[in-house]
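1. Fold the following, please.
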Amino acid sequence: MARHNTLGKVGEDAVCDFLAAEGYAIVERNVRIGHLEIDIVAMKGIRLVCVEVKTRSKDCGLSGIEGITRAKMQGLIRAADAYVKSHDIPFEVQFDICLVCAGHDGNIIDIEHIPDAFYPPI
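-> The predicted model follows:
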């Protein structure tokens, strides 16, 4: 597995632990719908939460938020819509972003959680 894939998995594992400690129930990970993906699907209260995780190494110079483009948000919205329809889910959907900073050794330094990071257009 490539280093960036390993780092991404470490970040997603850490985010799952973080979210669980915050009261989120992890439902699924790495959900693929065609060519689209939802990193983490969770429940928080009566909301289905689709979480995008961006993990960066400490010295990469990017926070991860740069990777959350308009196209990325649109893809996540389309994936969430397909997921909700295919599972007949009656809950409101929330989109969260988690930015993870990791050291070169793979240890997690920081997790920034942005709940309700964006809203799909009506």
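2. can you count the residues close to the closest residue in space to Ile114 that isn't next to it in sequence?
-> Among residues not flanking Ile114 along the chain, Ile97 sits closest, at 4.5 Å (CB to CB, 6 or more residues apart in numbering). From N, CA and C alone the C-beta is placed, and that goes for glycine too. Other residues near Ile97 come to 23 when the count uses other CB atoms under 10 Å.
3. Ile97 contacts Ile68, doesn't it?
-> Yes. Taking CB atoms under 8 Å as the definition, Ile97 is a contact partner of Ile68 at 5.9 Å.
4. who touches both of these two?
-> Glu52, Lys54, Ala117 (CB atoms under 8 Å, 6 or more residues apart in numbering).
5. quick one: secondary structure of the first one?
-> Classification of Glu52 by DSSP: H, G, I helix; E, B strand; the rest coil places it in strand.
6. tell me the contacts of it?
-> Glu52 makes contact with Ile38, Asp39, Ile68, Lys72, Leu76, Phe95, Asp96, Ile97, Cys98, Ala117, according to CB under 8 Å, 6+ apart.
7. In PyMOL, select just the buried ones from those.
-> What follows is the PyMOL syntax selecting those of the contacts of Glu52 that are buried according to 16 or more other CB atoms under 10 Å:
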select buried, resi 38+39+68+76+95+96+97+98+117
